[in-house]
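Participant: just coords:
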């Protein structure tokens, strides 16, 4: 039995178990622990037990470290996957944008090529030398691709390697001059579009108010007071129209009336034949008379007020040879005689108006993409290039 002096505390009895517990808490102090006499170790077995415990402790730490590393690797893989996917998406978007730009550029180039081909045909049409050469050749001797283009709006196909271009040429002589048309003729033409009487009168009076020089209202017309009351106000022109598109500013002229309504066929398809004011009126025509040799079937129907079947017969008859005068027209198309009394003063023969509207629409061999250009050109033999571009519209409906 050991007697303790006053102020002396008993030394703690340290066993292998206590060392094990202590080393679990702070294994870094084990070397200093082994050197102290007051913490005796009980032989080699005790030391082995201690170091075995330390190894087991380190193994546990290693297992925990491996688990953390796996989680970190998974996070890194996930982040890299997101980055790679974003990069792939960005590259795919860039490729699609590039392809779209390339396709748009090709379509525009084809449409422009169609315009240039039409201009060349119009120059040939006004060239006396080429016309004389064509007259000396028999019809069967002229290849189809070298025949003179008819300027009544029929389509001509211009092929390219990447696709094709559909070109239509319309002579402005086959239209009515909106700045010169009389009130009675204008009312008749607008009425042929199927408008109600009140709606028709509003459109006609508004057009007449738009182009006259005064500020006096017609019965159902419109002047500055009406146009200034709109959400986006503007002034009444009170002068001649500078383009046929100016009609869209006139009260009562809707886009459907100007461009034509889309009609649905029986099979559910949308018809391409959209008949509107743009197909009837022009600012380059001679007046309120149309050239029957170049007027479109639409102009024949809406301006002359004749049935569609009679308009077809006129177009078919002039394929072989143009009409020279009224008697020639009556002889070759006798069906028009029933209407001749009211339309004789609206018909011209062989007008010399040099203005033409060209519409060129390009489409690729594959896909549904298309691009259209509209040009109004004047054939001028005195010009160095033999023609002048009056209006250029980069995109058309």
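Facilitator: On my side now, so go ahead. Small disclaimer: the values here were computed from a predicted structure and weren't measured.
Participant: what separates the closest residue in space to residue 242 that isn't next to it in sequence from residue 391, distance-wise?
Facilitator: Distances taken as Cβ to Cβ, 6 or more residues apart in numbering put residue 283 closest to residue 242, at 7.1 Å, once the chain neighbours are dropped. Backbone N, C-alpha and C define where each C-beta goes, glycine included. Applying Cβ to Cβ, to the nearest Å, one obtains 10 Å for the distance of residue 283 from residue 391.
Participant: where's the residue nearest to residue 242 relative to residue 241, distance?
Facilitator: For residue 283, the distance to residue 241 equals 6 Å [Cβ to Cβ].
Participant: before we move on, back to that, what about the residue nearest to residue 242, how many residues close to it?
Facilitator: Other residues within reach of residue 283 by the criterion other Cβ atoms under 10 Å amount to 19.
Participant: which residues does it contact?
Facilitator: Residue 283 sits next to 177, 178, 179, 240, 241, 242, 243, 244 when contact means Cβ atoms under 8 Å, 6 or more residues apart in numbering.
Participant: Just the ones of those in strands?
Facilitator: Among these, DSSP state E puts residue 177 in strands.
Participant: Using a markdown table, lay out the contacts of residue 283 together with pLDDT and neighbour count.
Facilitator: As requested, those are exported to a markdown table (pLDDT from 0 to 100; neighbours: other Cβ atoms under 10 Å):
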| residue | pLDDT | neighbour count |
| --- | --- | --- |
| 177 | 95 | 21 |
| 178 | 95 | 23 |
| 179 | 95 | 17 |
| 240 | 94 | 15 |
| 241 | 95 | 20 |
| 242 | 94 | 10 |
| 243 | 93 | 13 |
| 244 | 94 | 24 |
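Participant: Which pLDDT does the model give residue 122?
Facilitator: At residue 122 the predicted local confidence, pLDDT, stands at 93.
Participant: tell me which element it is part of?
Facilitator: Assigned by DSSP states H and E, residue 122 falls within helix 43-125.
Participant: now do residue 313
Facilitator: Using DSSP H and E, residue 313 falls within helix 308-320.
Participant: buried stuff in that helix?
Facilitator: Residues of helix 308-320 classed as buried by neighbour count (16 or more other Cβ atoms under 10 Å): 310, 311, 313, 314, 315, 317, 318.
Participant: Of those residues, which is the nearest to residue 233?
Facilitator: Using Cβ to Cβ, the shortest approach to residue 233 within the buried residues of helix 308-320 belongs to residue 311, at 41.7 Å.
Participant: wait, the closest one sits on residue 296?
Facilitator: No - counting by Cβ atoms under 8 Å, residue 311 stays clear of residue 296, with 9.1 Å between them.
Participant: re the thing from before, any chance of TSV for the contacts of residue 283, columns distance to residue 302?
Facilitator: Putting the contacts of residue 283 into TSV (distance: Cβ to Cβ, whole Å) gives the following:
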residue	distance to residue 302
177	15
178	14
179	18
240	22
241	19
242	23
243	20
244	15
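Participant: separation between the residue nearest to residue 315 when sequence neighbours are not counted and residue 311?
Facilitator: Spatially, and ignoring its direct neighbours in sequence, residue 315 is nearest to residue 297 (5.8 Å; Cβ to Cβ, 6+ apart). The span separating residue 297 from residue 311 equals 5 Å under the rule Cβ to Cβ.
Participant: shared neighbours, the two?
Facilitator: Joint contacts of residue 297 and residue 311 (Cβ under 8 Å, 6+ apart) do not exist.
Participant: Flag the shaky bits of the stretch 251-397 of the chain, pLDDT-wise.
Facilitator: Residue ranges of the stretch 251-397 of the chain with pLDDT under 70: 262-273, 397.
Participant: Tell me which stretches of this structure form helices.
Facilitator: Assigned by DSSP state H, the helices in the chain fall at 16-25, 30-35, 43-125, 128-136, 183-191, 197-211, 224-228, 255-259, 297-304, 308-320, 326-332, 340-343.
Participant: winner for burial among the ones you listed?
Facilitator: Between the helices of the chain, helix 297-304 has the highest mean count of neighbours, a mean of 23, where neighbours are mean count of other Cβ atoms under 10 Å.
Participant: how far off helix 308-320 does that helix point, in degrees?
Facilitator: 120 degrees (axes from the mean of the first three to the mean of the last three Cα atoms, to 10 degrees).
Participant: Please name every helix or strand in contact with helix 297-304.
Facilitator: Helices and strands touching helix 297-304, by 3 or more Cβ pairs under 8 Å, 6 or more residues apart in numbering; DSSP states H and E, are strand 152-159, strand 290-291, helix 308-320.
Participant: I'd like these written out as a markdown table, with distance to residue 124 added.
Facilitator: What follows is those, written out as a markdown table (distance: least, Cβ to Cβ, whole Å):
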| stretch | distance to residue 124 |
| --- | --- |
| strand 152-159 | 13 |
| strand 290-291 | 19 |
| helix 308-320 | 19 |
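Participant: Compare the ones you listed and give me the one nearest residue 89.
Facilitator: Checking the helices and strands packed on helix 297-304 against residue 89 by Cβ to Cβ gives strand 152-159 as the closest, at 37.9 Å.
Participant: Given that closest one, what are its sheet partners and their directions?
Facilitator: Pairing partners of strand 152-159, with direction, according to DSSP bridges: strand 163-171 (antiparallel).
Participant: Would you mark the buried spots in the strand it pairs with?
Facilitator: Of the residues in strand 163-171, those with enough neighbours to count as buried (16+ other Cβ under 10 Å) are 163, 164, 165, 166, 167, 168, 169, 170, 171.
Participant: What about the closest residue to residue 259 other than its chain neighbours? Give its phi and psi, please.
Facilitator: Across the structure, with Cβ to Cβ, 6+ apart as the measure, the residue nearest residue 259 apart from its sequence neighbours is residue 276 (4.6 Å). Recorded main-chain torsions at residue 276 are phi -140, psi -180, according to degrees, to the nearest 10.
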